[in-house]
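Chemist: My questions are about this predicted structure, shown below with the sequence.
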Amino acid sequence: MSDGSLADRLNLRDKRNDPTEKALSNCSPWLHYGQIAAQRCALEAKRIKPRHSAAVDSFLEELIVRRELADNVSTHVFLRNFAI
């Protein structure tokens with residue numbers, strides 16, 4: 001992930017729900033298939049935070065908090081469903 005692409009896309013963060021804009025980070029497939037670590041994305045975002053503070057905060061919330069919530073839910077649902 002290069003600085004230019006992430007910085008440009010985070011600059012358009014308020015337009016991320018508009019399908020005609022290229023405002024998403026497009027990290028999801030790379031994260032899903034293990035081609036890039038979430039930590040690497042977070043470090044890149046942290047590096048450009050002085051220029052895009054609100055957008056980086058939103059990006060990190062989605063990257064870290066929602067990822068952890070999904071992990072916790074899937075773990076607890078799995079344990080609950082297979083408890084003896």
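Modeler: Ah, there it is. Residues are numbered from 1 along each chain as shown.

Chemist: quick one: low-confidence parts of the chain?
Modeler: 1-4, 12, 79, 83-84 (pLDDT under 70).

Chemist: Report the distance from the longest helix seen in it to the chain centre.
Modeler: Ranked by number of residues, the top helix in the chain under DSSP state H is helix 66-81. Relative to its parent chain, helix 66-81 has a centroid offset of 18 Å by Cα atoms, centre = their mean, to the nearest Å.

Chemist: Alpha carbons only: can I get it in PDB?
Modeler: What follows is helix 66-81 as a C-alpha-only set of coordinates in PDB (Å, rounded to 0.1, in the frame of the first residue of the first chain):
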ATOM      1  CA  ARG A  66     -14.700  -4.000  13.900                       C
ATOM      2  CA  ARG A  67     -12.200  -6.700  13.200                       C
ATOM      3  CA  GLU A  68     -11.800  -7.500  16.900                       C
ATOM      4  CA  LEU A  69     -15.600  -7.500  17.300                       C
ATOM      5  CA  ALA A  70     -16.000 -10.000  14.500                       C
ATOM      6  CA  ASP A  71     -13.300 -12.200  16.000                       C
ATOM      7  CA  ASN A  72     -14.900 -12.200  19.400                       C
ATOM      8  CA  VAL A  73     -18.400 -12.900  18.100                       C
ATOM      9  CA  SER A  74     -17.300 -15.700  15.900                       C
ATOM     10  CA  THR A  75     -15.200 -17.200  18.800                       C
ATOM     11  CA  HIS A  76     -18.000 -17.000  21.300                       C
ATOM     12  CA  VAL A  77     -20.700 -18.200  18.900                       C
ATOM     13  CA  PHE A  78     -18.500 -21.200  18.000                       C
ATOM     14  CA  LEU A  79     -17.900 -22.000  21.700                       C
ATOM     15  CA  ARG A  80     -21.500 -21.600  22.600                       C
ATOM     16  CA  ASN A  81     -22.700 -23.800  19.700                       C
END
